[in-house]
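Q: All I have is the shape, not the residue letters:
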Ligand SMILES: Nc1ncnc2c1ncn2[C@@H]1O[C@H](COP(=O)(O)OP(=O)(O)O)[C@@H](O)[C@H]1O
Ligand SMILES: [Mg+2]
């Protein structure tokens, strides 16, 4: 079993504090969902875990199996088994999807242990078929001209091929029609198991109709303010966030308020 621990994490962007003490522990074989209104710091948490340079960790810890993630460069974090599917994936013209994937897989392997081209192609074909992606997508430049749905499907393809220990999925469900949502969910469910833990960030409960999370957390004002099981997401679907705000005496849910 592997564990990703986030302890009292404080993060600033341009001198503004966005995360104000996030605590979260994720084990492999668990799926966690983080929900919350817009602007509460969900994407900031994802970026801070992966080491985006704009996000400055001012205090707190991120520990992956006893190792200090905050001391690692972005590529070292990926090598250590972390994977982020971004809310807005970048386009990389000139690099094909297949080349990108093969490099990403090999980056996690020792020199001399690279995946063979045959094995890579076999696995790529199989996974693309599973995700109902047309074969030609492997030869297109990464995310260039991909529709919103294609980008999200492609993020899941990457995750299934790279096989990270922890996958962080930021709004993987946004902009998806119901068929694409089902395919994306199928991919995440396929990864579920002993060697994989997942943090799904989502604004809507809809995704959770297809993937039953083990734990659900609500983020407001740059903190996790409430945690529970799958039933918490159902209550949010039925009642929205108002009851949590009332319960905790929160007026404004955003991480950064106007006057701050
Ligand atoms: N790169 C950035 N530069 C400046 N402000 C940012 C940046 N990223 C996020 N913020 C601010 O941080 C707050 C939280 O944003 P974000 O983490 O994207 O929230 P969420 O994903 O929950 O909608 C917002 O007020 C947002 O404007
Ligand atoms: Mg976001």
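A: Structure received. Because the structure is predicted, anything quoted here is derived from the model rather than measured. Ligands and ions are numbered 1, 2, ... in the order given.
Q: and the closest residue to ligand 2 within the stretch 51-200 of the chain, what does it touch?
A: The stretch 51-200 of the chain approaches ligand 2 most closely through residue 87 (5.0 Å), counting by CB to the ion. C-beta here means a position set from N, CA and C on the backbone, and glycine is covered the same way. Contact analysis of residue 87 by CB atoms under 8 Å, 6 or more residues apart in numbering lists 43, 46, 170, 171, 174, 201.
Q: Looking at those, spot the one nearest residue 7.
A: residue 46 (16.8 Å; CB to CB).
Q: Residue 22 contacts residue 225, doesn't it?
A: No - applying CB atoms under 8 Å as the test, residue 22 and residue 225 come out as separate, 10.4 Å apart.
Q: sorry, back to before: now distance to residue 190 and pLDDT too, for the contacts of residue 87, in a markdown table please.
A: A markdown table is the format used below for those (distance: CB to CB, whole Å; pLDDT from 0 to 100):
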| residue | distance to residue 190 | pLDDT |
| --- | --- | --- |
| 43 | 25 | 96 |
| 46 | 22 | 96 |
| 170 | 20 | 95 |
| 171 | 20 | 93 |
| 174 | 21 | 89 |
| 201 | 20 | 96 |
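Q: Which members of those residues are the farthest-apart pair?
A: 46 and 174 (13.4 Å).
Q: Compare the two and say which one has the larger neighbour count.
A: Neighbours around residue 46 and residue 174, counted as other CB atoms under 10 Å, are more numerous at residue 46. The numbers are 22 against 17.
Q: Can I take it that that one is in a helix?
A: Yes - secondary structure of residue 46 (DSSP: H, G, I helix; E, B strand; the rest coil): part of a helix.
Q: Residue 74 versus that one, what's the distance?
A: 13 Å (CB to CB, to the nearest Å).
Q: Could you do residue 106 as well?
A: In terms of CB to CB, residue 106 sits 17 Å off from residue 74.
Q: just to revisit the earlier point, would you double-check that the residue of the stretch 51-200 of the chain closest to ligand 2 falls in a strand?
A: No - looking at residue 87 with three-state DSSP, it is coil, so not inside a strand.
Q: Many thanks, we can stop here.
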